[in-house]
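A.B. asks: the following block contains a protein sequence and its predicted model.
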Amino acid sequence: GNKNINAKLVLLGDVGAGKSSVVLRFVKGQFVEFQESTIGAAFFSQTLAVNDATVKFEIWDTAGQERYHSLAPMYYRGAAAAIIVFDITNQASFDRAKKWVQELQSQGNANMVMALAGNKADLLDARKVAAEEAQVYAQENGLFFMETSAKTAANVNEIFHEIAKRLPRV
Ligand code: GDP
Ligand code: MG
């Protein structure tokens, strides 16, 4: 029969990488050019049907500022999934994403489903991070990688769908 799964999901990544925009695209199908910075964290929920299950994502969109770093464990603790977002036009955001991956590997759930999102994939002319580099990094660190665009919607539903498929069926 059809299973109902509740899954806590956290978005982590540098300020400005597009975490809130990815969530807004997924939950409301919208994009805004001047997305306000997130204060602390914001909560959303969205349900997604996959083959054998209905997954209700309980989404924590974190701020990303260093001064909120100490709060992050509250959001990733007990999370079934994480999306670590970087901006393909910003090398520092990729470095920051790797730091988050390290933190999740040492402090997070052992069986957490982790996705690496190279966001702003619509800004190809400004690319600073090669897709191959991110792909290799993801493979070596047990994440799956997709390039997304909150602006065009490319791969946004797909990344949540892929997470839903990978969640353990209990
Ligand atoms: P956050 O700090 O990680 O939550 O990033 P935001 O979602 O606030 O986005 C930061 C800025 O990048 C905003 O001006 C967004 O409009 C812009 N942005 C987010 N995603 C994309 C994208 O996929 N493409 C482009 N071109 N801009 C984006
Ligand atoms: Mg935000």
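C.D. replies: Nice, thanks for sending it over. Ligands and ions are numbered 1, 2, ... in the order given.

A.B. asks: select the longest helix from the chain.
C.D. replies: helix 91-107 (DSSP state H).

A.B. asks: now check it, is it near ligand 2?
C.D. replies: No: taking CB under 5 Å from the ion as the criterion, helix 91-107 and ligand 2 are apart, separated by no less than 12.8 Å. (Glycine included, C-beta is placed from N, CA and C.)

A.B. asks: which element follows that helix toward the C-terminus?
C.D. replies: strand 113-119 (DSSP states H and E).

A.B. asks: dump that following strand to PDB, restricted to CA.
C.D. replies: Output of strand 113-119 as PDB, limited to C-alpha atoms (Å, rounded to 0.1, in the frame of the first residue of the first chain):
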ATOM      1  CA  VAL A 113      20.200  11.700   2.600                       C
ATOM      2  CA  MET A 114      22.400  14.600   1.400                       C
ATOM      3  CA  ALA A 115      22.000  16.500  -1.700                       C
ATOM      4  CA  LEU A 116      24.500  19.100  -3.100                       C
ATOM      5  CA  ALA A 117      22.800  21.800  -5.100                       C
ATOM      6  CA  GLY A 118      24.800  23.900  -7.500                       C
ATOM      7  CA  ASN A 119      22.300  26.700  -7.700                       C
END
